[in-house]
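Chemist: Generate coordinates for the sequence data below:
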Amino acid sequence: MRPEMKEKIIRICEAKIRQKGSNVGLSFYAFFANKNDDPELLMEVAQWWIRDMKLDHFEKAEKIKALISDL
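Modeler: Residues are numbered from 1 along each chain as shown. You can find the predicted model right below:
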């Protein structure tokens, strides 16, 4: 995972947890704008989410943050 993306995922998870509480769920799409301007990065994150980690479509932000922090 690219370091910039890892940092972005952690920032977004932390923001969502602050806004909506520790039970908030996210999809990997939460880390991208509606307009996909970097398909390679989107596929990199999708592969990590789906193939590598075998996560469901929505997962708890705290779980995602912990998993990405361990990379």
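Chemist: which residues of this protein fall in helices?
Modeler: If DSSP state H is used as the criterion, the helices of the chain fall at 3-20, 39-46, 61-69.
Chemist: of the ones you listed, which approaches residue 53 most closely?
Modeler: helix 61-69 (6.2 Å; Cβ to Cβ). From N, CA and C alone the C-beta is placed, and that goes for glycine too.
Chemist: tell me the most buried of the helices of the chain?
Modeler: helix 61-69 (a mean of 18; mean count of other Cβ atoms under 10 Å).
Chemist: Just put the helices of the chain in TSV and tack on distance to residue 54.
Modeler: Shown next, in TSV, are the helices of the chain (distance: least, Cβ to Cβ, whole Å):
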stretch	distance to residue 54
helix 3-20	17
helix 39-46	12
helix 61-69	11
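Chemist: Quickly, which of these bottoms out on average pLDDT?
Modeler: For these, mean pLDDT drops lowest on helix 39-46, to a mean of 93.
Chemist: From the contact counts, what lies against that one?
Modeler: The contact analysis (3 or more Cβ pairs under 8 Å, 6 or more residues apart in numbering; DSSP states H and E) places helix 39-46 against helix 3-20.
Chemist: ok and the helix it packs on relative to helix 61-69, angle-wise?
Modeler: 160 degrees (axes from the mean of the first three to the mean of the last three Cα atoms, to 10 degrees).
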